[in-house]
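# Model the following, please.
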Amino acid sequence: MSRKTLLIALLLASGGSAAQTPGQIVVTGAVPDEASKAALLANVRALYGAERVVDQISIAQVSLPPNWNTYAQKLIAPNLKLISKGELKIDGTNVTLRGEVANEAQRQQIASDIATSLNPSYTVNNGLRVSAAEQNLLDDTLAKRIIEFDSGKATLTPSGQAILDEMAAALQKVKGKRVEVIGHTDNVGLRDSNLALSQARAEAVRTYLSGKGVSQDMVMVSGQGPDRPVAENSTAEGRARNRRIEFRVAQ
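Okay, here's the model as predicted:
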């Protein structure tokens, strides 16, 4: 066996073995001796708590890169606790991270910290993704409602303002993220005019949110005009659905 694989599954709620339960940290793979196994498990247990760690490590004849045990220990660092529903996989000198983190800054920082703790012969594959929790919060708050404007204008109606009052409160909970406000129109009229109108409406939303305490630096705006319909423009109902404002957490 030319390489040794160590796999640490972090906070897997599902997708592991049938016996696995939420919150368990499963350590599986092969090491060459009991001392390596004991040292590795000690680090994982110190980080997560012994009661959460499931030992599935075997002892086998494996060939390891130079100083592999030292580098493996460096990988069991506190920032791993920022990852949920994921895994750390070490295959020889290839390190792969998967799972969810709270924001883009964490995603980049964790991978950077791991890369700087290893020597240049190691390759780090960053498969971390930003949690969808913030996007779900915004989607649930908007609840498929239409933020209305006066016909042909970028002036919010009272009902549109009421929805944005709720969105402002939700945006205050999205920390460390930028959010894109995207304006859309139906296909009635000239495309260039609709693009300009959708942009103006997105900017009107940002201005209104700013008045409710949401930093303008947090909010990006764009106007897509009629280019991204969600319904047929052949009916009044469809056109009404296409005249909308979207909120997208930037990744």
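# so what's A18 scoring on pLDDT?
In this model, A18 is scored at 40, pLDDT.
# can you list the domains in the chain?
5-130, 134-249 (automatic domain parsing).
# how distant is the last one from the center of its chain?
Relative to the centre of its chain, domain 134-249 is centred 22 Å away, using CA atoms, centre = their mean, to the nearest Å.
# gap between the two ends of it?
Domain 134-249 has an end-to-end distance of 7 Å (CA to CA, to the nearest Å).
# Quick check: mean pLDDT of it?
pLDDT averaged over domain 134-249 gives 93.
# what residues does stretch 237-250 touch?
104, 130, 134-135, 138-139, 142, 146-147, 149, 167, 171, 174, 177-188, 201-202, 205, 220, 226, 229-233 (CB atoms under 8 Å, 6 or more residues apart in numbering). For glycine as for every other residue, the C-beta is placed from the backbone atoms N, C-alpha and C.
# Number of residues surrounding Y122?
18 (other CB atoms under 10 Å).
# show me where the stretch 51-200 of the chain has helices.
Using DSSP state H, counting those that start in this stretch, the helices of the stretch 51-200 of the chain run over 68-75, 104-117, 133-142, 158-171, 191-211.
# Could you figure out how far the second one is turned away from helix 68-75?
When axes from the mean of the first three to the mean of the last three CA atoms, to 10 degrees is applied, the directions of helix 104-117 and helix 68-75 differ by 160 degrees.
# elements contacting helix 104-117?
helix 68-75, strand 94-101, strand 123-130 (3 or more CB pairs under 8 Å, 6 or more residues apart in numbering; DSSP states H and E).
# switch the cut-off to 6 Å
strand 123-130 (3 or more CB pairs under 6 Å, 6 or more residues apart in numbering; DSSP states H and E).
# What count of nearby residues applies to the closest residue to G86 other than its chain neighbours?
Nearest non-adjacent residue to G86, counting by CB to CB, 6 or more residues apart in numbering: G99, 1.5 Å away. Residues lying near G99 (other CB under 10 Å) number 22.
# so G99 bridges to which residues?
Partner residues in beta bridges with G99, using DSSP bridges, are L128.
# And the pLDDT at it?
In this model, G99 carries a pLDDT of 86.
# same thing with R3?
pLDDT for R3: 48.
# next one: the one 4 residues further on
Model confidence at L7, expressed as pLDDT, equals 55.
# Please apply the same query to the one 5 residues further on.
Looking at L12, its pLDDT stands at 38.
# residue contacts, R206?
R206 makes contacts with 181, 219, 221, as judged by CB atoms under 6 Å, 6 or more residues apart in numbering.
# what's the nearest residue to the second one if we skip its chain neighbours?
I take that to be V219. The nearest residue in space to V219 (CB to CB, 6+ apart) is R206, at 4.6 Å.
# Please tell me how far that neighbour sits from R239.
Counting by CB to CB, to the nearest Å, the gap between R206 and R239 amounts to 24 Å.
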